[in-house]
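> what's the 3D shape of this:
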Amino acid sequence: MIRGTTAYFKFIMPYDYGQLSSAKVVFWQNYNNGPSDSRPLPITKVLSQCSPTKVPNELAVSLTPEETLRFSDKRKAYTQLTATSIEGVKFASYQEMITVYPVADDSIEDSEGLLPIPGGDGV
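Below is the predicted model of the structure:
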């Protein structure tokens, strides 16, 4: 993923999206708790923040530009899906490694204007 951009992720599951009762996708980076208490890592997305795709057994989730700026481009990031089917079967994906690429400008526009990123590398 490229820091400061929207990043999309897809997970193939043993169940169709409509058969899920819950899902959680966690994004983290070892030795990085985020740039501040108000912008922490790890980032957790739940089922209501995910969406189906055209593939029935696939789940999609995205990180916002602000969320991707929380990660340092100095090390790999990770993600993992855990979910429960409506029958109560719990399952998980393998942990996936994500390469974090730099962006030329470590600031983004938010609803209140330009948001500077302390330290410039997301840590």
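
> CA atoms for contacts and neighbours, from now on please.
Fine.

> which strand residues bridge W28?
Beta-bridge partners of W28, counted by DSSP bridges, are Y78.

> distance-wise, check it relative to Q19.
According to Cα to Cα, to the nearest Å, W28 stands 27 Å off from Q19.

> contacts for stretch 22-33?
40-47, 71-72, 75-85, 123 (Cα atoms under 8 Å, 6 or more residues apart in numbering).

> ok, back up a step: so W28 and Q19 - more neighbours on which side?
W28 (22 against 14; other Cα atoms under 10 Å).

> look at that one and report its pLDDT.
For W28, the model assigns a pLDDT of 98.

> same check, this time on L115
52.

> try the one 5 residues further on
What the model reports for G120 is a pLDDT of 46.

> now T82
At T82, the pLDDT value in this model is 98.

> pretty sure it contacts V89?
No. T82 lies out of contact with V89 (Cα atoms under 8 Å); the separation is 10.8 Å.

> could you list the low-pLDDT ranges of this structure?
Across the chain, residues meeting the criterion (pLDDT under 70) sit at 105-123.

> burial check on the nearest residue to N57 once chain neighbours are set aside, number of neighbours?
Computed as Cα to Cα, 6 or more residues apart in numbering, the closest residue to N57 that is not its neighbour in sequence is D16, at 3.9 Å. Here the number of neighbours of D16 (other Cα under 10 Å) works out to 15.

> quick check: D16 touching K54?
No. Look at D16 against K54 with Cα under 8 Å: they stay out of range, at 10.9 Å.
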